[in-house]
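Chemist: how would this look folded up:
(2 chains)
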Protein chains: 2
Amino acid sequence: MPDQSITQARTPGSEAREPGSGGGRGVSRRALLGTAGATGLVLGAAGGAVGYTAAPAQATPLTSVGSGRAMFHGKHQPGITEGLQARGHLAAFDLMPGAGRKEAAALLRRWSAAAERLMAGEAAPHGDTGVARDSGPSSLTVTFGFGHSFFARTGLDKQRPAALDPLPDFSADRLDKARSDGDLWVQIGADDALVAFHALRAIQKETGGAARVRWQMNGFNRSPGATAHPMTARNLMGQLDGTRNPKPAEPDFDRRIFVPGDGQPAWMAGGSYAVVRRIRMLLDDWEKLSLPAQEAVVGRRKADGAPLSGGAETTPMDLEKADAKGEYVVPLNAHARISRPDQNGGAAMLRRPFSFHDGFDADGVPDAGLLFVCWQADPLRGFVPVQRKLDRGDALSRYLRHEASGLFAVPGGAAEGEYVGQRLLEG
Amino acid sequence: MPDQSITQARTPGSEAREPGSGGGRGVSRRALLGTAGATGLVLGAAGGAVGYTAAPAQATPLTSVGSGRAMFHGKHQPGITEGLQARGHLAAFDLMPGAGRKEAAALLRRWSAAAERLMAGEAAPHGDTGVARDSGPSSLTVTFGFGHSFFARTGLDKQRPAALDPLPDFSADRLDKARSDGDLWVQIGADDALVAFHALRAIQKETGGAARVRWQMNGFNRSPGATAHPMTARNLMGQLDGTRNPKPAEPDFDRRIFVPGDGQPAWMAGGSYAVVRRIRMLLDDWEKLSLPAQEAVVGRRKADGAPLSGGAETTPMDLEKADAKGEYVVPLNAHARISRPDQNGGAAMLRRPFSFHDGFDADGVPDAGLLFVCWQADPLRGFVPVQRKLDRGDALSRYLRHEASGLFAVPGGAAEGEYVGQRLLEG
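Modeler: Numbers count the residues shown, from 1 in each chain, chains lettered A, B, ... in the order given. Have a look, this model is predicted:
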């Protein structure tokens, strides 16, 4: 197994909210897997102490993939800094007419309880479907966020962060409002598709009469173990994507990605803002380009992700390097040049996407692309300035179409005994 | 890694068509993986001898999942007896107006060449997209079949097998014709979603102007290594599915699944018939049932698949066993009772499905279920009698809706230097 995943591995019994900002991040999956099989089972049984029923009988022993486990409780919610997962579901829910703050609080309490159990490989609280049996948690994460419209519906307008103000319009946007926004957002990821579907269905069931699905999208990344490539994923254009992602070990990682403990609003301490975009890739057009033309659009070599200025994937890009004719080797409109943080006032976001493929349209063109999910402490210093710049001059933009959009406030992780969003809903 | 997969592992250089009916089946993935990494690379390089370009540079070493490899050449096509794959694409293509036998022959020649290369982890013949880089073959299989309409369009009516006569109507059918049938059928499966998508796109590209997509569906199974359960998969109803599947080691396996060497028509020797059904699961209704009610519908325990008459998953079902009130323990309308081969004149088919989930409909109901694919030497002795019986009395039928259907003649595997369907198209 390659060390391709960063998990929030923590020792059972450690305090619910960790003092250090790094938490358990940086612990590799390999390190985790040395003990996770046993740990998962022990916790499953011990869960009875906090009111859980016993874990479902495991007819088969857990495997390395199945026993991968992320922790529900912590300073941050899960599903942000972990490695890419093989399967993902994004879903937005709207509160039902008549449901307000009280119903929303009860819903987040139910959702949190369900997420904690599911992430431990236990049965769902109500009417477990059995779909996830035999495979353990499989690195399942469940993440909850609040959209702009949530706050008016719950009478919490004064608590709505300015960072949730609507994103500006971009010229490449062709947004389907029915697949955008929403009162509540849930991101589910796992290394097994049945485990992910099981969680999605359980989360849907826990809405009771309080909320209904507004939109729902499915995505994927490589299967665990299908590649030894250490960090970066390929997207459906064939490019390595994420080379310049901020790394948890970097000193300013937390400041860029998470709202600080003394940040505003107070209920968002330890939280992050997620920008979600369904980015359709116009693959028929893209694939007509020659390899050199594609590489000029991106600014990196397709095979290994190295900058066109030379070196390997992680070599810093030489923006000034010119060829014999005096032309920049990395073109001025190359995607990798324009999106560089140091070209955008230090703006940084953590991109953690899923690819999507929802069949072919009537013309035989794949409805495929990227479920772009990026994380930042402030969208006005992360996604917005970068996308504005890309929108004006990025050579890649003509091969992309933004079809849906959402911006969600994702509160910090729940402490033991707390539910996600409690500091907002009971603040 | 569990031994959950049966592959057609063969030694490089073995004769193209094997004398024994069993071929390499029964060789476990574990056995294969001991050497497959090296084998894949060696074959990639050696491929130049038959006109291939070299394999793409592997920036990263192949992993256990990535190096899994099925063989294109052989007595049977790949994708029939191999273990379930994590990701699958089913697609039907129609010949373009004006395209006939000659164009179809050229298409199958191009498709076969592409499939052979892709299954070896090499680049696609034309304009490789790069999406599969870094991950090897990942047990990719590509399988080709002919639908009823293919034969009239190519002037080959006299070669059309009687077994391709349209399936009878069933009362549970709500078939969407636009997502049913088709001149040509392609099944793609792999243990990595990007590898599978890459192959689908390459196969589409190789159609040139000869054919276009009629319909296309995506499915999934567990990720490799996510469960140690040896044989059977769970479906989205939470049931173990495939317990009674015929096993390659059984003496009558080949006779039931494959057209014999002296069978009719001659071009189908070594081939099989695939019945494909998009079976929507009415999960909102199903999940309202209690666990005992679900188990009575199926006739097996949900947790471990054991018959309600007792024992473990593989224990033979005691159809006569009664409870204290004299009621059959396995109800008369239980799915597992009705679908048993010995209740259907020995009818047997090899089921090798993918689950599907295409989001939620407007009412928040998941558009999810089973991409049912079953294989048999004769549909009139496999799918048809079983489905007829299920259609009349199966307790499970009320929770299912057959939304699309196809029946395809899948010729035997291509020998070295041959393409799939050559014996039909040049016969």
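Chemist: Quick check: residues of the stretch 151-300 of chain A near chain B?
Modeler: A:191-195, A:197, A:201, A:204-205, A:212-213, A:216-218, A:220-230, A:234-239, A:283, A:287 (CB under 8 Å from any CB of the partner chain). (Each C-beta comes from the backbone N, C-alpha and C, glycine too.)
Chemist: buried subset of these?
Modeler: A:191-195, A:197, A:201, A:204-205, A:213, A:216-218, A:220-229, A:234-239, A:283, A:287 (16 or more other CB atoms under 10 Å in any protein chain shown).
Chemist: Low-confidence bits of the stretch 201-350 of chain A, can you list those?
Modeler: By pLDDT under 70, the weakly predicted segments of the stretch 201-350 of chain A are A:230-231.
Chemist: which residues in it form strands?
Modeler: Assigned by DSSP state E, counting those that start in this stretch, the strands in the stretch 201-350 of chain A fall at A:211-220, A:233-234, A:240-241, A:272-281, A:350-351.
Chemist: Can you check which of these gets nearest to A:Tyr328?
Modeler: Closest to A:Tyr328 of the strands of the stretch 201-350 of chain A is strand A:240-241 (CB to CB; 21.1 Å).
Chemist: contacting residues around the closest residue to A:Ala322 other than its chain neighbours?
Modeler: Computed as CB to CB, 6 or more residues apart in numbering or on different chains, the closest residue to A:Ala322 that is not its neighbour in sequence is A:Tyr328, at 5.8 Å. Neighbouring residues of A:Tyr328 by CB atoms under 8 Å, 6 or more residues apart in numbering or on different chains: A:Leu319, A:Glu320, A:Lys321, A:Ala322.
Chemist: Just the buried ones from those, in PyMOL syntax?
Modeler: In PyMOL, this line selects whichever of the contacts of A:Tyr328 come out buried by 16+ other CB under 10 Å:
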select buried, chain A and resi 319
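Chemist: ok, the contacts of A:Tyr328 vs chain B, which is closest?
Modeler: Nearest to chain B among the contacts of A:Tyr328 is A:Lys321, at 22.5 Å by CB to the nearest CB.
Chemist: contacting residues for the closest one?
Modeler: A:Ser309, A:Gly310, A:Tyr328, A:Val329, A:Val330.
Chemist: Tell me which two of the residues you listed sit farthest apart.
Modeler: Farthest-apart pair in the contacts of A:Lys321 is A:Gly310 and A:Tyr328; separation 13.1 Å (CB to CB).
Chemist: And the residue of the stretch 1-150 of chain A closest to chain B?
Modeler: Proximity of the stretch 1-150 of chain A to chain B (CB to the nearest CB) peaks at A:Gly130, 2.9 Å away.
Chemist: what's the spacing between the residue nearest to A:Ala274 when sequence neighbours are not counted and chain B?
Modeler: Using CB to CB, 6+ apart and skipping the chain neighbours, the partner closest in space to A:Ala274 is A:Phe408 (4.8 Å). Per CB to the nearest CB, to the nearest Å, A:Phe408 is found 19 Å from chain B.
Chemist: If I look at A:Phe408, what pLDDT would I see?
Modeler: For A:Phe408, the pLDDT comes out at 98.
Chemist: what number of residues lie near it?
Modeler: 26 (other CB atoms under 10 Å in any protein chain shown).
Chemist: Quickly find the element holding it.
Modeler: If you go by DSSP states H and E, A:Phe408 is part of strand A:400-410.
Chemist: Which strands and helices lie in contact with whichever helix or strand comes after that strand?
Modeler: Downstream of strand A:400-410, the next assigned helix or strand under DSSP H and E is helix A:422-425. Here helix A:422-425 touches helix A:101-119, going by 3 or more CB pairs under 8 Å, 6 or more residues apart in numbering or on different chains; DSSP states H and E.
Chemist: From the contact counts, what lies against the helix or strand just after the helix it packs on?
Modeler: Using DSSP H and E, the helix or strand that follows helix A:101-119 in sequence is strand A:141-146. Judged by 3+ CB pairs under 8 Å, 6+ apart, strand A:141-146 is in contact with helix A:101-119, strand A:184-190, strand A:400-410.
Chemist: how does it look with 6 Å?
Modeler: On a contact count with 3 or more CB pairs under 6 Å, 6 or more residues apart in numbering or on different chains; DSSP states H and E, strand A:141-146 meets strand A:184-190, strand A:400-410.
Chemist: export it as PDB, just CAs?
Modeler: This file holds the C-alpha atoms of strand A:141-146, laid out as PDB (Å, rounded to 0.1, in the frame of the first residue of the first chain):
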ATOM      1  CA  THR A 141     -15.800  10.600   6.000                       C
ATOM      2  CA  VAL A 142     -19.000  12.600   6.400                       C
ATOM      3  CA  THR A 143     -18.800  16.400   6.400                       C
ATOM      4  CA  PHE A 144     -21.600  18.900   7.000                       C
ATOM      5  CA  GLY A 145     -21.900  22.500   5.900                       C
ATOM      6  CA  PHE A 146     -24.400  25.400   5.900                       C
END
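Chemist: From the chain's centroid, how far away is it?
Modeler: Mean-position distance between strand A:141-146 and its chain equals 9 Å (CA atoms, centre = their mean, to the nearest Å).
Chemist: Please enumerate the helices of the stretch 251-400 of chain A.
Modeler: A:253-257, A:283-286, A:291-298, A:335-338, A:383-393 (DSSP state H, counting those that start in this stretch).
Chemist: So which of those has the densest surroundings on average?
Modeler: Compared across the helices of the stretch 251-400 of chain A, helix A:335-338 shows the largest average neighbour count, a mean of 22 (mean count of other CB atoms under 10 Å in any protein chain shown).
Chemist: A:Thr243 contacts A:Asp304, correct?
Modeler: No - with contact defined as CB atoms under 6 Å, A:Thr243 and A:Asp304 do not form a contacting pair (10.1 Å).
Chemist: joint contacts of these two?
Modeler: Shared contacts of A:Thr243 and A:Asp304 (CB atoms under 6 Å, 6 or more residues apart in numbering or on different chains): A:Glu313.
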